[in-house]
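>>> With the input below, show me the fold.
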Amino acid sequence: MFMLHFVTYPQYPSGIVTGQSLFSRIDEKNRTCASAGVEDHWCPCLDLETVSIDEPIVKEAAEFVARYVNNLTSQSNELTKLCQRLVLKEVKTAFREMPKEAMQRFHDTKNGANDWCDACEAVMGAKAENNIFRDTLHQVQLVTSPN
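Residues are numbered from 1 along each chain as shown. Model (predicted):
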């Protein structure tokens with residue numbers, strides 16, 4: 001794509017079905033794998049996936065937040081007088097950032113006749129197990145007392 005646009009610059013090359021040129025501005029609001037012609041099973045973008053609030057990592061994260069805020073508000077006598085200590089009451093929701101499901105389920109590719117296509121058909125399998133949960137970004141909504 002880059003070389004094709006390089007040859008036809010400043011005109012945009014005709015007949016381009018997928019991909020984007022490095023000479024074109026990328027719309028930040030529409031910067032997706034699909035707009036670049038990248039199939040879902042190759043897309044490295046992350047989605048938020050719902051997680052059970054009963055998972056140990058979720059409980060640990062929520063307790064850490066309350067403890068962290070309590071440590072910040074107890075660093076001086078003045079702050080200790082002004083701020084009450086937080087107690088975790090409840091975890092409302094929890095999510096984790098994970099690759100798109102199609103990427104997690106990707107197993108292999110089938111090539112076309114005479115190997116004319118690098119990945120004509122994706123072969124999907126079972127969803128991959130998250131074995132790096134400690135390095136996964138989590139988003140937790142929690143309620144403390146007071147407020």
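>>> switch to C-alpha atoms for all contacts and neighbour counts from now on
OK.
>>> for the protein, which helix is longest?
When the chain is scanned for its longest helix (criterion: DSSP state H), the result is helix 56-72.
>>> contacting residues around that one?
Identification of contacts with helix 56-72 by C-alpha atoms under 8 Å, 6 or more residues apart in numbering yields 52-53, 85-88, 91, 94, 134, 138, 140, 142, 144.
>>> Mind giving me the ChimeraX command for buried ones among those?
Here the buried members of those are turned into a ChimeraX selection, burial being counted by 16 or more other C-alpha atoms under 10 Å:
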select :53,85,86,88,91,94,138,140,142
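>>> List the beta-bridge partners for the closest residue to Ile53 other than its chain neighbours.
If you skip the residues right next to it in sequence, Ile53 has Ala94 as its closest partner in space, 5.9 Å away by C-alpha to C-alpha, 6 or more residues apart in numbering. The partner list for Ala94 in beta bridges (DSSP bridges) reads Val140.
>>> For Ala94, give me its contacts.
Thr50, Val51, Ser52, Ile53, Val58, His138, Gln139, Val140, Gln141.
>>> Would you confirm that the fourth one contacts Glu90?
No - contact between Ile53 and Glu90 fails when scored by C-alpha atoms under 8 Å: they sit 9.3 Å apart.
>>> Can you give me the buried ones in the longest helix of the chain?
Of the residues in helix 56-72, those buried under the neighbour-count criterion (16+ other C-alpha under 10 Å) are Val58, Lys59, Ala61, Ala62, Glu63, Ala66, Arg67, Asn70.
>>> And for stretch 97-107?
Within stretch 97-107, judged by 16+ other C-alpha under 10 Å, the buried ones are Glu97, Met98, Pro99, Lys100, Glu101, Ala102, Met103, Gln104, Arg105, Phe106.
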